[in-house]
Each structure stands twice: as structure tokens, then as C-alpha cells.
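Peer 1: Model the structure of this input:
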Amino acid sequence: MKKMMIMAVAAALGAAPAVAQMQGMNHGQMMQPTPANPYPAAEMDMHQKMMSAMGADATETWVRKMVEHHRGGIAMSRIVLRETKDPKVRQMATKTIAEQTKEVGELNAWLRAHGKRAQ
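Peer 2: Prediction:
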């Protein structure tokens, strides 16, 4: 019954093809790192932390979710640095780590300045 309800809502929203396609996928296989996609663990960690990041209001919640989003970008950039020899990608990943580390610091500074616990 629950599956039928989800399909009905998805169809009403025009998402039935995407939902049907997802139902046929083996999600366990999608989450296994491969040489072509070593990122599943970092992505899942980021998404779980973003989903659970909550504040007292929409502003604080956004700040907390963005901290986790940037940390996810840092984690993925560290992975590509281990995996690639491409100089341009290495340069971009290194720049991403530096910029997003700075942004995490700025977001945590905002939390502390507003009497909130940094994360």
C-alpha cells in the first residue's frame, strides 16, 4: 500500500518515470566504491550529515547544512587528489579544499558570533 501511495504521488508530480527507474536499481551496488567512482562513502556521509543538520530557525539550519556540504566537497577533493595525476584537476581540488575550508571557518564563526555551538 505504501509503495502504491508513493507511486501515485510521484505520478501526480510527474516523477513516475524517475521513481520507476529507481525502483529497479540495486542501491547496494550504487554505494560500492569503484575505480571510476571512489566517492560513495564521502557522498553518503555528506548527505546524512546535511539531512540531520538542524538549527533553531531556517538561517541557522542553512548555515549548519552548508558546513556539511563544504566538508563533503573537501572530502571528495581529498579523494581525487589520491586518485588523479591530472595537474589541472589536482590544482582545482587543492583550491577547492582551501576555499571550502575557509568557508567552513566563516560559517562556524557566524554560529559562534550568534551564540551557537560551532560544528
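Peer 1: Could you list the low-confidence segments of this structure?
Peer 2: Low-confidence segments of the chain, defined by pLDDT under 70: 1-30.
Peer 1: Okay, strands next: where are they in the protein?
Peer 2: Ranges of strands in the chain, per DSSP state E: none exist.
Peer 1: Please parse it into its domains.
Peer 2: As given by automatic domain parsing, the domain ranges for the chain are 1-30, 32-113.
Peer 1: tell me the most buried of those?
Peer 2: domain 32-113 (a mean of 15; mean count of other Cβ atoms under 10 Å). (Each C-beta comes from the backbone N, C-alpha and C, glycine too.)
Peer 1: Output the domains of the chain as TSV; include the columns distance to Q119.
Peer 2: Output for those, formatted as TSV (distance: least, Cβ to Cβ, whole Å):
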stretch	distance to Q119
domain 1-30	28
domain 32-113	5
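Peer 1: What segments of the chain are helices?
Peer 2: 2-12, 16-23, 27-30, 40-52, 58-83, 87-113 (DSSP state H).
Peer 1: Which secondary structure elements does the fourth one sit against?
Peer 2: Identification of packing neighbours for helix 40-52 by 3 or more Cβ pairs under 8 Å, 6 or more residues apart in numbering; DSSP states H and E yields helix 58-83.
Peer 1: tilt between the helix it packs on and helix 40-52?
Peer 2: 170 degrees (axes from the mean of the first three to the mean of the last three Cα atoms, to 10 degrees).
Peer 1: what's the angle from helix 58-83 to helix 87-113?
Peer 2: Computed by the same axes, to 10 degrees, the angle between helix 58-83 and helix 87-113 is 150 degrees.
Peer 1: I'd like the distance from helix 58-83 to the chain centre, please.
Peer 2: The chain centre lies 7 Å from the centre of helix 58-83; the measure is Cα atoms, centre = their mean, to the nearest Å.
Peer 1: for stretch 53-72, same thing?
Peer 2: Stretch 53-72 sits 12 Å away from the centroid of its parent chain (Cα atoms, centre = their mean).
Peer 1: same check, this time on stretch 67-86
Peer 2: Computed by Cα atoms, centre = their mean, the separation of stretch 67-86 from the middle of its chain amounts to 11 Å.
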